[in-house]
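In: Have a look at this prediction, sequence included:
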Amino acid sequence: MILAVTMNPSVDISYHVDPFKLDDVNRVEHVSKTAGGKGLNVARVIVQMGENVLATGVLGGTIGEYIIQELNKNSIPNTFLKIEKESRNCIAILHGGKQTEILETGPALSEDEGKACLDKYEELLSSISLVTISGSLPKGLPADFYCNMVEISNRRGIRVILDTSGEALKQVLQQGEKPFAIKPNTAELSQMLGMDVNNDSNSIQQALKQDIFQGIEWIIVSMGSEGAIVRHQADYYRITIPKLDVINPVGSGDATVAGFAVALTRDNPPETLLKTAMTTGMLNAMESGTGSINMEKFDHYFDLVKVEKID
């Protein structure tokens, strides 16, 4: 079973307002509310792929209860650390082809709540074969919190796919215990390394030769519509994807993580693994719902993904 961790979930609310008027009243007819958070998107796609998953993280208040209800409605097994503080809302206002986001920071966790998170995490690992950890840390937790989670997993011999950014990712990469896989983009690499990393394969390969990335089995550098450059141990691959009719790209990175995780649990060879990951990312971009894929289209788009080994 795959454990999908989301430390700072949210209810994602989309308001379709056109025109959007500042300093005035805006009435909304079309509203969508979903259980949000990168790890919940991962879990949602894994379920659609027919694999076993357990969603976990931290939830609180009436918003937390709503998230659990939505997960149950979608048959996504879940178990969360419950806290008294209220979980967050994240609002997207869609107007004139643009998107304005209002993101709450969410609850601040105490030191005791942080310890309870790690205790629950370690307890859950007894029935888990693979872990995905996605998104930001809630306030109150130290930047090296994911380091502890990776260390606990590695001690149990359980692989971790880590999809985060900024200081939380940097802290993990600077420690001795490394995750099995990470999925940065070129902007995140540039910020972390203090150097310009672009979508050129040579630029990415030079970046991934930095000592900070040693000990990581898989590094998937996503490049949006240009596909990805991937390092697997000492081998490099260029992944090319077809042109798509994109409806909603939000959550495509999470769908990529889900496909990668599922392919790993199925012990797929490298080429199949990479094609599966890219296919689920593409399928998400072609659906209006975040963390949603149409598996009837899977085989067609899987065959259109090209994997080329770079010498």
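Out: Structure's in. What do you need? Quantities reported herein were computed from a predicted structural model and do not represent experimental measurements.

In: Give the bridge partners for the residue lying closest to S153 once chain neighbours are set aside, please.
Out: Sequence neighbours aside, V160 is the residue nearest to S153 in space, at 4.8 Å (criterion: C-beta to C-beta, 6 or more residues apart in numbering). The way it works is simple: take the backbone N, C-alpha and C, and place the C-beta from them, glycine included. Counting by DSSP bridges, V160 forms beta bridges with V131.

In: Pull the number of nearby residues for V160.
Out: V160 has 24 neighbouring residues, counting by other C-beta atoms under 10 Å.

In: Same question for N26.
Out: By the measure other C-beta under 10 Å, the count of residues near N26 is 13.

In: how about the strands in the chain?
Out: Per DSSP state E, the chain has strands spanning 2-6, 10-16, 30-36, 53-60, 81-83, 88-95, 98-103, 130-134, 159-163, 181-182, 218-222, 228-232, 235-240, 306-310. These are given in chain order.

In: Can you verify my assumption that the residue nearest to S153 contacts P179?
Out: Yes. At 4.4 Å, V160 counts as touching P179 under the criterion of C-beta atoms under 8 Å.

In: returning to that earlier point: can you say which of the strands of the chain is nearest to V197?
Out: strand 218-222 (8.3 Å; C-beta to C-beta).

In: Give the other helices and strands that the helix of greatest length in the chain contacts.
Out: In the chain, with assignment by DSSP state H, the single longest helix is helix 270-285. Under the contact criterion of 3 or more C-beta pairs under 8 Å, 6 or more residues apart in numbering; DSSP states H and E, helix 270-285 touches strand 218-222, strand 228-232, strand 235-240, helix 252-265, helix 298-304, strand 306-310.

In: and of those, who's closest to S292?
Out: Nearest to S292, of all the helices and strands packed on helix 270-285, is helix 252-265, at 8.3 Å by C-beta to C-beta.

In: roughly how far out does the closest one sit from the chain middle?
Out: Offset of helix 252-265 from its chain centre (C-alpha atoms, centre = their mean, to the nearest Å): 9 Å.

In: and that helix, what's its mean pLDDT?
Out: Mean pLDDT, helix 252-265: 97.

In: contacting residues around it?
Out: Applying C-beta atoms under 8 Å, 6 or more residues apart in numbering, the contact partners of helix 252-265 are 2, 38-39, 41-46, 49, 51, 129-130, 132, 134, 159, 161, 163, 181, 183, 185, 218, 220, 222, 272-273, 276-285, 291, 293.

In: what's the first-to-last distance across stretch 285-299?
Out: End-to-end distance of stretch 285-299: 16 Å, with C-alpha to C-alpha, to the nearest Å as the criterion.

In: can you list contacts of that stretch?
Out: Contacts with stretch 285-299, where a contact means C-beta under 8 Å, 6+ apart, come from 12, 34, 36, 40-42, 44-45, 48-49, 244-252, 254-255, 279-280, 283-284.

In: Among those, name the buried ones.
Out: For those, a burial check counting by 16 or more other C-beta atoms under 10 Å picks out 12, 34, 36, 40-42, 44-45, 48-49, 249-252, 254-255, 279-280, 283-284.

In: on that earlier part again, next up, the contacts around the residue nearest to S153.
Out: Neighbour list for V160: L130, V131, T132, I133, M149, V150, S153, N154, P179, F180, A181 [criterion: C-beta under 8 Å, 6+ apart].
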